[in-house]
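Asks: kindly generate the corresponding structure for this input.
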Amino acid sequence: MTHPNSPAAPILSQDELKTLVGQAALQYVVSGDIVGVGTGSTVNKFIDALATIKDQIKGAVSSSEASTLRLKALGIPVFDSNEVPQLSVYIDGADEIDGHGHMVKGGGAALTREKIVAAQSIRFVCIADESKLVDKLGKFPLPVEVIPMAAQRIMAQFAAMGGQASIRLKDGQPLITDNGQIILDVLGLQIEDPLAFETQVSQWPGVVTVGVFAHQKAQVCLLGTATGVKTLMF
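Replies: This is a model prediction of the structure:
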């Protein structure tokens, strides 16, 4: 029982939780190796932490132009993914993650390159705060990178599934990804079988990448909680 006059445990902000999991991810970095690095605000905390041990690694493979700029600014060499046959670990965030390590990703518009780097990595370590842990994927708008000429047909296909798709905008215009494509955000989906859903949507002509990561799921999730970093293994 807590004494009435004892100080309450400090409530950590979301930013502080991101810092904690970013630092915790360093334990999965293999000395002398090249590290796969994702994209987003949580990953930015990991990149900052990675800079403290940059002399112990060869460099990184990055999943976005934004992460590449941050890595280089901190003196971490960035390799083209084609130069690196395999990575020991890929560290990235998630918009949602379920109890099996399946994720929804792409809130930062880098889902295609994230999936490419994840596919060449032996282990995917997801770093997130506890608000991202869900029982079922689908509450967060599902990002899907598409070729613009197919957008309306793909939106209709999602409507037939019960989803409402819209083109992601930036400054009133369609957001253009690092790959020169656009993103649909889909609301109203209940993703009961992430593996089957990813397989199905990936086959639609015009879909570049669907933001369900089930084939490239996480093996580890470092979850920032009020009591510290919780490790989930899948």
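
Asks: and the contacts of the helix or strand bottoming out on mean pLDDT in the chain?
Replies: Lowest on mean pLDDT, DSSP states H and E among the helices and strands of the chain sits helix 14-24, with a mean of 93. Contact partners of helix 14-24, identified using CB atoms under 8 Å, 6 or more residues apart in numbering, comprise 12, 41-49, 127-131, 222-225, 228-229. C-beta here means a position set from N, CA and C on the backbone, and glycine is covered the same way.

Asks: buried ones in stretch 99-119, by neighbour count?
Replies: 101-118 (16 or more other CB atoms under 10 Å).

Asks: what do you get for stretch 62-75?
Replies: So, applying 16+ other CB under 10 Å, buried residues of stretch 62-75: 62-64, 66-68, 70-71.

Asks: picking up where we left off before, right, and the helix or strand after the least confident helix or strand of the chain?
Replies: The helix or strand immediately downstream of helix 14-24 is strand 34-37, counting by DSSP states H and E.

Asks: neighbouring strands - and their directions - for that next one?
Replies: Here strand 34-37 has these sheet partners by DSSP bridges: strand 59-62 (parallel), strand 87-92 (parallel).

Asks: of all the ones you listed, which one is nearest Met161?
Replies: When the strands paired with strand 34-37 are ranked by proximity to Met161, the top entry is strand 87-92, at 26.6 Å, counting by CB to CB.

Asks: for the helix or strand following that closest one, which helices and strands make contact with it?
Replies: Toward the C-terminal end, the helix or strand that comes next after strand 87-92 (DSSP H and E) is strand 96-97. Applying 3 or more CB pairs under 8 Å, 6 or more residues apart in numbering; DSSP states H and E, one finds that strand 96-97 contacts strand 103-104.

Asks: okay, now the sheet partners of the strand it packs on, with direction.
Replies: Partners of strand 103-104, by DSSP bridges, with direction: strand 96-97 (antiparallel), strand 212-213 (antiparallel).

Asks: following the last one, which helix or strand comes up?
Replies: On the C-terminal side of strand 212-213, the closest following helix or strand by DSSP H and E is strand 220-225.

Asks: give me the contact list for that next one.
Replies: Applying CB under 8 Å, 6+ apart, the set of residues contacting strand 220-225 from outside is 12, 17-18, 20-21, 24-25, 28, 94, 97, 101, 123-130, 132-133, 229-234.
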